[in-house]
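>>> Return a 3D structure for these sequence lines:
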Amino acid sequence: MDKASLIGIIVGALCLLIVFYEVSHGNFMMFYSLEGVLMVGGGSVSVTFMAMPMDKMKQVPGYVKRFLFNKSQSPTEVIKQMNVLAEKARREGILSLESDVAKLQDPFLMSGLKMAIDGVAPESIEATLRMELLAMSERHKAGKKFFDLIVLYGPGYGLVGTLIGQIGLFGSLATADIGKLGKMLAIAVGATMYGAVIANAVAGPIGTKLALRSSEEIMTKELILQAILSIQAGDNPRVTMDRMLAFVPLVERTRLTKVAA
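Alright, predicted model coming up:
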């Protein structure tokens with residue numbers, strides 16, 4: 001599980017629970033409003049279904065899983081792996097990498113390396129892999145879009161719930177029933193709270209992390225692409241390493257250079 005995501009969830013939930021307890025003195029039902037849940041929760045879900053195709057909606061559990069669990073390789077790990085392949089190709093020839101292809105877990109790297117081994121022209125390899133990168137980017141955008149819609153419309157539905165609660169409040173003024181008036185006011189304020197929480201404490205952070213993960217993965221794939229082209233061109237492994245190091249921070253470059261030496 002992604003440690004940063006877990007820490008964020010725990011800290012956020014703990015802070016909310018402490019504040020809720022201090023305000024309600026343990027009566028957490030004070031913050032529950034069925035009307036607010038239906039308006040904000042149901043409204044936000046309805047918007048996502050209206051705005052996105054069904055095939056994208058079926059992938060929502062996968063987006064959440066990607067937020068909680070990050071299985072993609074880091075650029076550092078990829079550089080080490082590609083450096084080993086570059087060294088072997090330099091010593092034994094690019095055809096010697098054929099036995100390594102079956103062991104690879106990254107379909108992108110496997111596809112590019114197969115084409116390089118088969119002698120496909122560098123321009124064709126680059127064009128094919130860049131189309132894959134474009135398709136990947138579009139898939140990732142769909143995942144972020146789901147959470148962006150909740151961030152956009154969740155608070156809006158919270159405002160609708162607030163207005164409905166206020167209408168109920170004004171409509172009950174004639175009875176002067178303080179309990180009924182209090183309930184209507186709680187519905188109004190609760191809906192706003194639900195909208196703010198779902199947008200700022202749930203959907204917003206998830207969407208932001210998915211966007212960061214997407215940019216990191218695309219950068220890693222670009223690193224792989226440059227390494228494959230360099231290996232196919234017969235470049236010295238040091239040249240291949242220099243190409244890959246351009247994608248990592250300066251702090252990491254020195255350590256990776258020592259490892260490769």
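>>> Over stretch 144-154, what's the mean pLDDT, rounded is fine.
For stretch 144-154, the mean per-residue pLDDT is 91.
>>> chain center to that stretch: distance?
Centre-to-centre, stretch 144-154 and its host chain are 13 Å apart (C-alpha atoms, centre = their mean, to the nearest Å).
>>> What residues of it count as buried?
144, 145, 146, 147, 148, 149, 150, 151, 153, 154 (16 or more other C-beta atoms under 10 Å). The C-beta positions use only the backbone N, C-alpha and C, and glycine is treated the same way.
>>> for stretch 155-172, same thing?
Buried, per 16+ other C-beta under 10 Å, within stretch 155-172: 155, 157, 158, 159, 160, 161, 162, 164, 165, 168, 169, 172.
>>> Now the third one: closest residue in space that isn't a chain neighbour?
Nearest non-adjacent residue to residue 158, counting by C-beta to C-beta, 6 or more residues apart in numbering: residue 195, 2.1 Å away.
>>> Now do the one you found against residue 162, distance only.
Distance, residue 195 to residue 162, by C-beta to C-beta, to the nearest Å: 8 Å.
>>> same thing with residue 33?
From residue 33 to residue 162 the distance is 11 Å (C-beta to C-beta).
>>> who touches both of the two?
residue 191 (C-beta atoms under 8 Å, 6 or more residues apart in numbering).
>>> Could you tell me which of the buried residues of stretch 155-172 are located in helices?
155, 157, 158, 159, 160, 161, 162, 164, 165, 168, 169 (DSSP state H).
>>> now the fifth one: how far from residue 167?
Which is residue 160. 11 Å.
>>> hmm, back to that, what's the closest of the ones in helices among the buried residues of stretch 155-172 to residue 125?
Nearest to residue 125 among these: residue 155, at 46.6 Å, using C-beta to C-beta.
>>> List the contacts of the nearest residue to that closest one once chain neighbours are set aside.
Closest residue in space to residue 155, ignoring its immediate chain neighbours: residue 195 at 4.0 Å, by C-beta to C-beta, 6+ apart. The contact partners of residue 195, by C-beta under 8 Å, 6+ apart, come to 40, 154, 155, 156, 157, 158, 159, 161.
>>> Ignoring the adjacent residues along the chain, who's closest to the fourth one?
Of all residues beyond its chain neighbours, the one nearest residue 156 is residue 195 (7.2 Å), with distances taken as C-beta to C-beta, 6+ apart.
>>> From residue 36, how far off is the one you found?
Distance, residue 195 to residue 36, by C-beta to C-beta: 8 Å.
>>> and what of residue 156?
In terms of C-beta to C-beta, residue 156 sits 14 Å off from residue 36.
>>> Excluding sequence neighbours, find me the nearest residue to residue 232.
residue 116 (4.2 Å).
>>> Now the one helix or strand the one you found maps to: buried residues?
Residue 116 belongs to helix 107-117 when assigned by DSSP states H and E. For helix 107-117, the neighbour count (16+ other C-beta under 10 Å) marks 108, 109, 111, 112, 113, 114, 115, 116, 117 as buried.
>>> Mind pulling up the pLDDT for the fourth one?
Right, residue 112. 90.
>>> now the helices: where do they sit in the protein?
Along the chain, counting by DSSP H, helices occupy 3-24, 34-36, 43-51, 54-57, 60-68, 75-92, 98-101, 107-117, 122-171, 178-197, 204-232, 237-245, 250-260.
>>> Lowest average pLDDT across these?
helix 250-260 (a mean of 66).
>>> Contact partners for residue 117?
94, 95, 97, 98, 101.
>>> let me fix that: residue 157
39, 40, 43, 44, 47, 191, 195.
>>> Repeat that for residue 185.
Counting by C-beta under 8 Å, 6+ apart, residue 185 makes contact with 165, 169.
>>> I'd like the distance between it and residue 172.
10 Å.
>>> what does residue 200 give?
31 Å.
>>> Then residue 71?
Residue 71 is 54 Å from residue 172, by C-beta to C-beta.
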